[in-house]
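Engineer: Could you work out the structure for the sequence below:
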Amino acid sequence: MNNSDEIGHTIDWDSIEIAPFEDSQIGAPVSLMDEEIMFAFVGLTLEKHSDAVEGMNYGPIVDEIVDISVDDRIPDEETVFHDMDDPPMNVGTIYANMNDFRRAVKQHAIKTQFELGTEKSNKNLFRGYCKAESCPWSIVARLTKDEKQVKVSSNKGEHFCSSTSRVRTKMASYHWVGEKAIPFLKKDPNMGAKKLQYELQEKYVTTIHYSTIYSGMQIAREKLYGTWEDSFGNLFNFKAMVELKMPGSVVEIGLKETEDGVYFQRFFCCVKPSINGFLNGCRPYLSVDATALNGRWNGQLASATALDGHNWMFPVAFGLFESETNEEWIWFMEQLKRAIGSPPHLAICSDACKGLENAVKAVFPGAEHRQCFIHLMKNFSKRFQGPIFGHMYPTARTFCPIYHEYLMHKMYEANERVQPFLETYHRLLWMRSKFSEDIKCDYITNNIAEVWNNWVKDLKDLPIAELVDSLRSKFMELYARRRDIGERLEGHAMLPIVVRHLNVLSRQLGHLKVKVGGRGEAEVTEITDRHKVIRHVVDLEQYTCSCREWQVSGKPCPHALSVITSHRNPKMENYLLPFFSVRLFRLTYAGVISPFPDKSQWPSMNLGFKVLPPLKKRALGRQRKNRIPGCLEGKGNKSRTKGMWQVQCKQCKEFGHRESSAKCVFNGTKKGRVVQRDDL
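Structural biologist: Numbering: from 1, shown residues only. Purely as a prediction, here's the structure:
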């Protein structure tokens with residue numbers, strides 16, 4: 001038995017503590033273990049292999065022959081190195097050139113906390129002094145006689161002036177910030193200007209204006225990632241690199257030709273490991289959405305994401321385009337179809353975007369198109385309110401078509417405008433009772449897209465070429481980590497955490513009564529909270545229950561679990577579909593996304609023309625990174641009363657508007673548009 005076999009058998013999956021399910025949670029989507037927690041639980045660490053190599057001790061080398069060293073130095077070549085955070089200014093100090101000396105003396109001024117004045121500065125001579133009144137300090141540096149280097153020839157006087165570290169001076173310019181910010185941005189590419197301002201002021205004991213920090217950070221980003229204008233042309237080099245390293249990938253770039261030149265228009269990328277992972281290991285379910293970029297181009301970052309056996313987000317493809325129009329979405333979906341083909345029984349979930357709805361209908365006409373229930377409820381709650389409003393949630397969550405029709409009929413009776421509203425504006429599938437039994441995914445929300453948006457939000461202000469390469473790098477790391485988790489699951493047929501959740505749920509079914517028939521069939525009687533008796537039929541051999549949850553979700557429902565546990569020593573693994581198997585989880589992440597070298601080593605594509613930035617420029621003002629939560633979404637730990645959220649009109653005393661609003665009954669002559677609401 002190998003080591004992985006031993007590991008798979010020594011992990012105690014039953015030791016995982018899972019909070020008991022409340023009655024309201026039964027039937028809701030199961031939230032499985034977080035990836036970070038599982039990574040540590042199976043004994044994996046986040047240490048890189050390179051760290052382990054650096055820590056190896058190879059012991060002393062006693063062979064005397066190795067002491068004979070040979071250098072490759074050219075005799076006439078002299079290299080000057082100084083600590084540029086604390087450069088020496090002693091007489092006789094040598095610098096490579098005048099530019100290096102100017103940077104060094106400015107850093108010396110910041111380090112010594114005085115403001116440097118310049119009396120004369122050219123390529124041969126520099127004369128500087130302290131700007132403080134009556135301070136005698138001065139410095140002179142000249143070009144050496146051989147005109148190869150710069151030498152400090154004079155450093156007179158001592159500083160008797162006060163510190164300038166607490167006032168803003170011209171010493172810490174945006175060029176200085178651009179140079180000093182590079183190490184910080186290399187360590188944390190997502191660092192914001194506010195944090196960079198704090199780090200620089202703490203390290204160099206100086207005061208720097210926020211605008212100087214922001215401008216300097218743009219210079220540092222250009223040095224690290226290249227210019228924003230050139231990044232669009234680098235996409236062709238990225239495309240060539242992907243096709244070289246991962247043949248079979250689909251990378252497409254759309255351009256727009258005008259009289260003024262050739263402009264970037266759109267981009268799509270789906271690497272081969274993602275294609276294979278989705279087709280070989282995931283359920284045929286895709287969440288498609290777009291999020292706004294917040295860099296210099298206010299375009300859209302589109303994505304197609306799936307679910308693995310752990311219900312973890314599996315990124316499949318991403319793209320860039322100007323706006324969410326019919327044309328752009330159709331182009332994106334056509335490229336997606338090139339990558340994954342037309343899988344049988346495919347389901348696509350989206351928000352209320354009309355352009356995306358038309359694109360799915362045009363490109364994937366046979367797909368089951370689902371709509372996010374949260375977006376539906378935002379529109380529904382604007383027009384209908386009242387006690388029947390809450391019926392929409394059980395209407396969407398129930399798997400039973402009869403119960404769904406019963407609840408819908410109740411709302412239709414309460415308000416005749418509900419049915420035409422839903423049939424006109426929300427024709428897509430948002431209810432589980434009509435979901436296909438072949439998809440094996442019961443999600444009624446598009447929350448996977450929100451997970452993606454949160455995962456990539458710190459990259460959305462990068463130059464385009466750096467953005468797509470950073471996404472590739474995140475894909476690579478994500479797949480590698482989950483591949484390590486899959487290796488630790490040796491010895492299990494099904495994902496242990498899924499089995500563990502079913503075992504926990506099976507202990508909370510005391511309200512179900514089982515009458516066994518024959519050949520795996522049984523009757524299950526359920527007494528609801530309202531003392532209503534409901535009876536279901538379970539068939540263990542066919543993996544079915546009359547409530548339809550087992551058929552739609554792919555995992556045994558509470559009724560099926562009650563029948564399964566009525567047998568002695570049941571094996572939950574026997575009642576799960578292959579989508580939740582260790583084998584398919586490993587296949588999902590079997591493909592390796594290749595590491596890429598620096599952009600300077602990518603294939604250089606000669607297009608014969610320069611790719612210009614998109615015609616549409618960024619909007620004015622600061623770009624938002626975090627999405628504004630909707631009215632139906634939770635507010636975290638913030639607890640506020642209704643009165644703190646709503647304003648009250650001083651004229652009509654109603655909540656929800658001010659006295660100047662057209663909603664006030666005393667302002668009937670004022671212009672304004674009021675959304676009509678019906679109370680159910």
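
Engineer: Could you use CA atoms for every contact and neighbour count after this?
Structural biologist: OK.

Engineer: hmm, which helix or strand of this protein has the shakiest average pLDDT?
Structural biologist: Within the chain, no helix or strand scores below helix 642-645, which has a mean of 42 by mean pLDDT, DSSP states H and E.

Engineer: now the end-to-end length of stretch 184-192.
Structural biologist: Stretch 184-192 has its terminal residues 10 Å apart, counting by CA to CA, to the nearest Å.

Engineer: What of stretch 169-177?
Structural biologist: Terminal-residue distance, stretch 169-177 (CA to CA): 13 Å.

Engineer: List the buried residues for that stretch?
Structural biologist: Neighbour counts using 16 or more other CA atoms under 10 Å place T169, M171, A172, S173, Y174, H175, W176, V177 of stretch 169-177 among the buried residues.

Engineer: Tabulate the residues you listed (CSV), appending distance to G281.
Structural biologist: Shown next, in CSV, are the buried residues of stretch 169-177 (distance: CA to CA, whole Å):
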residue, distance to G281
T169, 60
M171, 58
A172, 54
S173, 54
Y174, 50
H175, 50
W176, 51
V177, 48
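
Engineer: For C545, state which of the residues you listed is nearest.
Structural biologist: V177 (65.7 Å; CA to CA).

Engineer: Let me see the contact set for that closest one.
Structural biologist: T212, I213, G216, M217, A220 (CA atoms under 8 Å, 6 or more residues apart in numbering).

Engineer: Check for me that it belongs to a strand.
Structural biologist: No - counting by DSSP: H, G, I helix; E, B strand; the rest coil, V177 is not part of a strand but helix.

Engineer: biggest helix in this protein, by residue count?
Structural biologist: Counting residues, the longest helix in the chain under DSSP state H turns out to be helix 464-487.

Engineer: What helices and strands are in contact with it?
Structural biologist: helix 35-41, helix 228-231, helix 234-245, helix 582-588 (3 or more CA pairs under 8 Å, 6 or more residues apart in numbering; DSSP states H and E).

Engineer: So what's the gap between the next helix or strand after it and the chain middle?
Structural biologist: Per DSSP states H and E, helix 464-487 leads on to helix 496-506 as the next helix or strand towards the C-terminus. Distance, stretch centre to chain centre, for helix 496-506: 29 Å (CA atoms, centre = their mean, to the nearest Å).

Engineer: gap between the helix or strand following helix 496-506 and the chain center?
Structural biologist: Counting by DSSP H and E, the next helix or strand C-terminal to helix 496-506 is strand 512-516. Remark: strand 512-516 is offset 46 Å from the chain centroid, using CA atoms, centre = their mean.

Engineer: which stretches of the stretch 301-450 of the chain form helices?
Structural biologist: Using DSSP state H, counting those that start in this stretch, the helices of the stretch 301-450 of the chain run over residues 326-340, 354-363, 373-383, 392-397, 401-414, 418-425, 447-456.

Engineer: Centroid-nearest residue for the protein?
Structural biologist: In the chain, the centroid-proximal residue (CA atoms, centre = their mean) is W455; its distance is 1.7 Å.

Engineer: Of the helices of the stretch 301-450 of the chain, give the one that comes closest to V251.
Structural biologist: Using CA to CA, the helices of the stretch 301-450 of the chain put helix 326-340 closest to V251, at 8.4 Å.

Engineer: so how far is the closest one off the chain centroid?
Structural biologist: 21 Å.

Engineer: shouldn't H369 be in contact with D351?
Structural biologist: No - between H369 and D351 there is no contact under CA atoms under 8 Å: 10.5 Å.

Engineer: For P578, which residues are in contact?
Structural biologist: Per CA under 8 Å, 6+ apart, neighbours of P578: M494, L584.

Engineer: Please apply the same query to Q113.
Structural biologist: Contact partners of Q113, counting by CA under 8 Å, 6+ apart, are S163, T164, S165, T206.

Engineer: from these, which is closest to K195?
Structural biologist: The closest of those to K195 turns out to be T206 (CA to CA; 14.8 Å).

Engineer: From H310, how far out is the residue of the chain positioned farthest from its centre?
Structural biologist: In the chain, K145 marks the outermost C-alpha relative to the chain mean, sitting 57.8 Å out by CA atoms, centre = their mean. Applying CA to CA, the value for K145 to H310 is 72 Å.

Engineer: where are the low-confidence patches of the stretch 51-200 of the chain?
Structural biologist: 51-80 (pLDDT under 70).

Engineer: And for the stretch 301-450 of the chain?
Structural biologist: The stretch 301-450 of the chain contains no residues with pLDDT under 70.

Engineer: residues touching the nearest residue to G157 once chain neighbours are set aside, list them.
Structural biologist: Distances taken as CA to CA, 6 or more residues apart in numbering place W137 nearest to G157, at 4.4 Å, with adjacent residues excluded. Each residue near W137 by CA under 8 Å, 6+ apart is listed here: Y129, C130, N155, K156, G157, E158, H159.

Engineer: which among these gets closest to S604?
Structural biologist: Closest to S604 out of the contacts of W137 is Y129 (48.4 Å), distances taken as CA to CA.

Engineer: Need phi/psi at that closest one.
Structural biologist: Backbone torsions of Y129, given as degrees, to the nearest 10, read phi -150, psi 170.
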